[in-house]
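Visitor: okay, predicted coordinates and the sequence, questions at the end:
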Amino acid sequence: MADSYSIDDKKAYLARMREMLDVRMGDHRKRRNHSLGVARTARKLAKTYGVDPFLAEAAGLVHDWDKVLDKSELLARAAQYGIAIAGSPTNAVALLHGPVAAVELPELFGELPAEVFQAVARHTSAAEDMTDLDMVVFVADAIEPMRKGDYADELRSQVGKVDLTRLFFNCFSQGLIYVMQTQRYMYPTAISIYNRYALELGR
């Protein structure tokens, strides 16, 4: 939505998004609550780091919009939309709900700018050229209140104490550590993303 929209207009828009989220998630109450937590956390992070809080909250609300789809449906839609998948599509299916939703959401929320849908697409696997909004949504997904564990607590303690790029990199690195510790499939672009930010931040 353009900057010309009033605060009341934006509040009403977010309320409609929450209503649509309730319908979309249906009986998936935990997933719905996670999305609401990400939205609130993204808004707080946005205010801390000088990002548009409305766009951050909107992206947070719909970041898992297509996580209700089963694996076969996600793979089918990714193929239909021509979404590029590095490596094995079957092994990468857990990451596809972001990119697939980013193609579909403009039909429902066309008033939102493209940067919101990009943040939705990138919240699963990140990218080498993350915007501030991308980083806010990525981090919010990891530290919203329902996330438990030392990794989440450590990242929360860094909010406002390190810059946004460092916070994102620390969050992304924690994700890679988890993947390796659990011996899960690592998405092929993860290493290049890690190296890009490691070099920028002087590691």
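Guide: Great, that's in hand.
Visitor: only C-alpha atoms for contact and neighbour calcs from this point on.
Guide: OK.
Visitor: please, where are all the helices along this protein?
Guide: Taking DSSP state H, the helices of the chain run over residues 7-25, 29-49, 53-62, 71-81, 97-108, 114-122, 132-143, 150-158, 164-181, 190-200.
Visitor: neighbours of Glu57, how many?
Guide: As a burial measure, Glu57 scores 28 neighbours (other CA atoms under 10 Å).
Visitor: give the contact list for the spatially most central residue of the chain.
Guide: The geometric centre of the chain, computed from its C-alpha atoms, lies nearest to His123 (CA atoms, centre = their mean), at 2.9 Å. Counting by CA atoms under 8 Å, 6 or more residues apart in numbering, His123 touches 63, 98, 134, 137-138, 141.
Visitor: who wins on neighbours among the residues you listed?
Guide: Busiest of the contacts of His123 [other CA under 10 Å] is Val137, holding 32 neighbours.
Visitor: my guess is that residue contacts Ala119. True?
Guide: Yes. Judged on CA atoms under 8 Å, Val137 makes contact with Ala119 at a distance of 6.5 Å.
Visitor: now stretch 170-185: average pLDDT?
Guide: If you average the pLDDT over stretch 170-185, you get 94.
Visitor: tell me which residues of that stretch come out buried.
Guide: For stretch 170-185, burial by neighbour count (16 or more other CA atoms under 10 Å) applies to 170-176.
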